[in-house]
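Engineer: Structural data only, the sequence is not supplied:
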Ligand code: PRX
């Protein structure tokens, strides 16, 4: 545990408000709150300075910002390359510094340490492989890989040649991957034979094959993760499937990074919204990278000797920004871990942190809740004295969990940075800075310098302190904010720019002001849930359930869960001739796993004779949600079928009034 000094409580009446120690303040890149005031004078100049100082440009921009609501651009006319910024420019000063420390799940395998030069070489070679396979600037490449260094190699190789990557979470099913591949018309897919999870080899290639049948796919590159002793069977389709190592053996190390205009898409990342179909969120190159660079540096206060570990999977935005573009663009050493936190026991993450002297640790509240449940003996067993900063992301963190993290992982000596952000924002947007503070449990903190946040009521008026409203952002929009939804401008406009008009970015999160500067985020206000930190929409799971031949209709709502934050609960109407049974239930669960993946598996299923509906036929998920948590129900008289409410209450065992 960290030997100190402890964070400071300045005001005895505010025992839950922590401030950085002098040591932390002095060490930090940002040690006073002046940055907020300075940035607010001209956010455009502020970001322009950051982009100039943080990134290496091939050509300077002509104009800093242009807003054509709901579209906007940053650094217009400038040219740069993201892979150059993550690799080439470090070679002279950090060539031999370790960029990635990879830990396999099986403990008998040794860690891999890849230097910046080593990573650069791999990326040069693989970018040439992609070129040979016919991938050109603007083409889409689907990446379906677990947490192995080749996933970063694949992403940076796409960036090097101006291709757009679309990484899909490897625990998603093949058919889910296929939907995304079809939407973005990926030409080439990159996957692997499999990976280790909970001590077992999991085959991925057979899932990738489902997506490889999409019309656009010409080639599939397969990384060999397993050794020859691992007995798994995978099929390689002649002419389409190619082994990564064979291609790499013949590839040249000479690869020029292609400069692209600032606003060129760098990647797509599909995420869940209120409809069943995931949206391809578009992130650009310069704005995104500026935000990735500076949020990594400022939030995690990265210095040359730091070892940064973000436990997110690369399939999510947190993985993209804080397991690839952020740490690599600042030239940090980062840890990535292939497997499960309980392998072989609940001490594994702390063992890794101890082994590699991790100094900055960033994880999700759901993981901390699990550690809390498993007991302090696990972290207590390891030397975590190198830790300086702790972070959380993905969902609101409750008071008890925050304090457990603070006390048992760092002995009250590290700032706990609660970072609020979204797939759409590209980088963190609301959090305390480690050298500035304050760190207040359940309060995310302050909007990042140079960003203009507000909390509005239903009518669009700013709320007063303590009132809950909707979190929004105003122009100039953060450079990392999404630039569109792939092939769907309507969705882009409707989802983010219609609630308060095209000049206000709507987050779909509820929030309130804790004080003049600090924001407490209360969670999603739409039909999106966070299940163990994973974003999942009701409609997406309902679509998967309804695709089962024996289901007529379903409604999926979140239920609070002690560890996972929320879990999906399904209400299902079966065909009249079908009787509910454990077999039907199992086959519906199987269908959900096939369509989406195990993360979407309903926690509980109720077979019902009907669902609450409005007169126009819309399912009122709100009633179901309230029944599940014994909350006071709204007025049921406006329903088409009010008699369904007492029936559902009885079925679920409603204890409310
Ligand atoms: O509801 C907010 C919640 O996660 C949502 C975004 O999910 P996703 O796109 O998967 O990105 C997660 C990682 C950036 C938000 O709309 N959320 C994220 N961070 C926090 C949070 N809620 C409260 N506090 C946070 N720190």
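Structural biologist: Structure received. What you are looking at is a predicted structure, and each value in this text was computed from that prediction instead of being measured.

Engineer: wait, does stretch 454-469 make contact with the ligand?
Structural biologist: No. Using Cβ under 6 Å from any ligand atom, stretch 454-469 stays clear of the ligand, coming no nearer than 13.4 Å. Using the backbone N, CA and C atoms, a C-beta is placed for each residue, glycine as well.

Engineer: just how off-centre is that stretch within its chain?
Structural biologist: When C-alpha coordinates are averaged (Cα atoms, centre = their mean, to the nearest Å), stretch 454-469 and its chain have centres 27 Å apart.

Engineer: mean confidence score for that stretch?
Structural biologist: Averaged over stretch 454-469, pLDDT sits at 96.

Engineer: Show me what counts as buried in that stretch.
Structural biologist: Residues of stretch 454-469 classed as buried under the neighbour-count rule (16 or more other Cβ atoms under 10 Å) are 454-456, 463, 469.

Engineer: What of stretch 51-64?
Structural biologist: Within stretch 51-64, the residues that qualify as buried by neighbour count (16+ other Cβ under 10 Å) are 51, 54-55, 57, 61, 64.

Engineer: distance between the ends of it?
Structural biologist: Start and end residues of stretch 51-64 are separated by 10 Å (Cα to Cα, to the nearest Å).

Engineer: Determine how far that stretch lies from the middle of the whole chain.
Structural biologist: Distance, stretch centre to chain centre, for stretch 51-64: 27 Å (Cα atoms, centre = their mean).

Engineer: just checking, what packs against the longest helix belonging to the chain?
Structural biologist: When secondary structure is assigned using DSSP state H, the longest helix within the chain turns out to be helix 116-132. Using 3 or more Cβ pairs under 8 Å, 6 or more residues apart in numbering; DSSP states H and E as the contact criterion, the secondary-structure elements in contact with helix 116-132 are helix 91-94, strand 98-103, helix 149-161, helix 244-250.

Engineer: hmm, 6 Å instead?
Structural biologist: Counting contacts by 3 or more Cβ pairs under 6 Å, 6 or more residues apart in numbering; DSSP states H and E, helix 116-132 is packed against helix 149-161.

Engineer: For the helix it packs on, which outside residues touch it?
Structural biologist: Applying Cβ atoms under 6 Å, 6 or more residues apart in numbering, the external contacts of helix 149-161 come out as 82-83, 86, 100, 102, 114, 122-123, 126-127, 130, 141, 143, 145, 165, 190, 223, 257-258, 314, 324.

Engineer: Apply 7 Å and report the result again.
Structural biologist: 81-83, 86-87, 100, 102, 112, 114, 122-123, 126-127, 130-131, 135, 137, 141, 143, 145, 164-165, 167, 190, 223, 244, 255, 257-258, 266, 314, 324 (Cβ atoms under 7 Å, 6 or more residues apart in numbering).

Engineer: care to break this structure down by domain?
Structural biologist: Domains of the chain are assigned by automatic domain parsing as 82-258, 532-652.

Engineer: Relative to the ligand, which of the ones you listed is closest?
Structural biologist: domain 532-652 (3.5 Å; Cβ to the nearest ligand atom).

Engineer: How far does that closest one stretch from one end to the other?
Structural biologist: Terminal residues of domain 532-652 are spaced 23 Å apart (Cα to Cα).

Engineer: Return the distance of that domain from the chain's centre.
Structural biologist: On the basis of Cα atoms, centre = their mean, domain 532-652 is displaced by 26 Å from the centre of the chain it belongs to.

Engineer: which parts of the stretch 451-600 of the chain sit against the ligand?
Structural biologist: Counting by Cβ under 6 Å from any ligand atom, the residues of the stretch 451-600 of the chain near the ligand are 507-509, 521, 523-524, 530, 535.

Engineer: Which members of the contacts of helix 149-161 occur in helices, if any?
Structural biologist: In helices, defined here by DSSP H, the members of the contacts of helix 149-161 are 82-83, 86, 122-123, 126-127, 130-131, 244.

Engineer: what about this structure, any weak spots by pLDDT?
Structural biologist: Low-confidence segments of the chain (pLDDT under 70): 1-3.

Engineer: Can you tell me which of the buried residues of stretch 454-469 is closest to the ligand?
Structural biologist: The nearest one, if we look at these relative to the ligand and count by Cβ to the nearest ligand atom, is residue 455, at 13.7 Å.

Engineer: quick revisit: mind putting the ones in helices among the contacts of helix 149-161 into TSV with distance to residue 331?
Structural biologist: Below are those laid out as TSV (distance: Cβ to Cβ, whole Å):
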residue	distance to residue 331
82	14
83	14
86	9
122	17
123	15
126	21
127	20
130	25
131	26
244	26
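
Engineer: How about the residues of the stretch 151-300 of the chain by the ligand?
Structural biologist: residue 271.

Engineer: Smallest distance to the ligand belongs to which residue of the stretch 151-300 of the chain?
Structural biologist: With Cβ to the nearest ligand atom as the measure, residue 271 is the residue of the stretch 151-300 of the chain nearest to the ligand, at 5.4 Å.

Engineer: And for the stretch 201-350 of the chain?
Structural biologist: Closest point on the stretch 201-350 of the chain to the ligand, by Cβ to the nearest ligand atom, is residue 318, at 4.8 Å.

Engineer: Hmm, residue 312 and that residue touching each other?
Structural biologist: Yes. With contact defined as Cβ atoms under 7 Å, residue 318 and residue 312 form a contacting pair (3.6 Å).

Engineer: Those two - which one has more neighbours?
Structural biologist: When residue 318 and residue 312 are compared on other Cβ atoms under 10 Å, the one with more neighbours turns out to be residue 318, at 26 against 22.
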